[in-house]
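Visitor: The amino acid sequence is not available; the structure is as follows:
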Ligand SMILES: Nc1ncnc2c1ncn2[C@@H]1O[C@H](COP(=O)(O)OP(=O)(O)OP(=O)(O)O)[C@@H](O)[C@H]1O
Ligand SMILES: [Mg+2]
């Protein structure tokens with residue numbers, strides 16, 4: 001039986017979709033079967049970050065409403081036979097997908113995949129609640145800015161209220177010099193602001209953005225410090 005992990009943030013643009021793409025690739029590289037579900041309805045990104053945008057036919061809405069079979073809505077990645085993407089609908093949430101739909105979808109996917117990673121929209125509104133509905137655990141992706149940390153804590157509390165007890169967070173876009181110069185929240189401040197477990201840090205690096213632009217998970221480059229970061233974080237998430 002697999003595990004469903006929702007990736008959320010509160011604040012937008014913190015790096016959730018990049019994180020889902022690369023955690024998915026790291027887990028696939030380790031031999032796990034992985035499904036990524038894009039729940040950022042109307043503004044999907046995962047298909048582009050994986051370079052699969054030309055392969056999209058069906059989406060989550062089609063899968064839950066029976067327009068297609070679940071299998072038909074899953075696109076196999078070009079690089080990994082064991083990594084699949086279920087794209088988000090191209091339109092905004094129109095109420096067609098309910099939390100119960102998501103629970104049923106996640107239960108079915110757990111029977112076939114070791115890990116199901118759900119890319120949540122930012123905020124803690126309906127889209128976030130839908131994204132979290134079938135999840136067993138959660139990872140918050142935040143950045144070292146007070147506004148993002150406060151929003152991450154709000155999302156963390158919302159996830160707790162939804163009954164998700166296993167929660168942790170990743171601090172993305174870290175610039176070491178800025179942090180050590182005291183120009184960004186310190187590690188202990190961050191720890192105080194978010195109650196759940198710290199899974200790790202990812203540096204700010206333009207190569208992450210360039211890889212996403214090219215539709216390639218950056219962890220495909222095995223000998224980089226970024227890949228090491230992702231592997232360390234993956235170890236803590238799947239411990
Ligand atoms: N560690 C990093 N270093 C540099 N750029 C990054 C890093 N992580 C993400 N980015 C860039 O930041 C931008 C936002 O990333 P991403 O789309 O993953 O955020 P998001 O949280 O999913 O956004 P949204 O809330 O809109 O869904 C992208 O341009 C991405 O390439
Ligand atoms: Mg996103």
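Guide: Nice, I can see it. None of the values given here were measured: they were computed from a predicted structure. Ligands and ions are numbered 1, 2, ... in the order given.
Visitor: List the single closest residue to the one residue in the chain that gets nearest to ligand 2 in space, sequence neighbours excluded.
Guide: Distances between the chain and ligand 2 by Cβ to the ion are smallest at residue 17, namely 3.3 Å. C-beta coordinates here come from the backbone N, C-alpha and C atoms, glycine included. Counting by Cβ to Cβ, 6 or more residues apart in numbering, residue 17 lies nearest to residue 45, which is 4.3 Å off, once chain neighbours are set aside.
Visitor: Equivalent analysis for residue 153, please.
Guide: Per Cβ to Cβ, 6+ apart, closest to residue 153 is residue 194, 5.1 Å.
Visitor: Please name the residues that touch the one you found.
Guide: By Cβ atoms under 8 Å, 6 or more residues apart in numbering, residue 194 lies in contact with 140, 142, 149, 152-153, 156, 169.
Visitor: Around ligand 1, pick out the residues from this structure.
Guide: Residues of the chain lying near ligand 1 by Cβ under 6 Å from any ligand atom: 9, 12-18, 40, 45, 122, 172-173, 202, 204-205, 208-209, 212.
Visitor: Could you check how far residue 163 is from residue 138?
Guide: Taking Cβ to Cβ, to the nearest Å as the measure, residue 163 falls 11 Å from residue 138.
Visitor: Then residue 46?
Guide: For residue 46, the distance to residue 138 equals 18 Å [Cβ to Cβ].
Visitor: Repeat that for residue 184.
Guide: Look at residue 184 and residue 138: by Cβ to Cβ, they are 24 Å apart.
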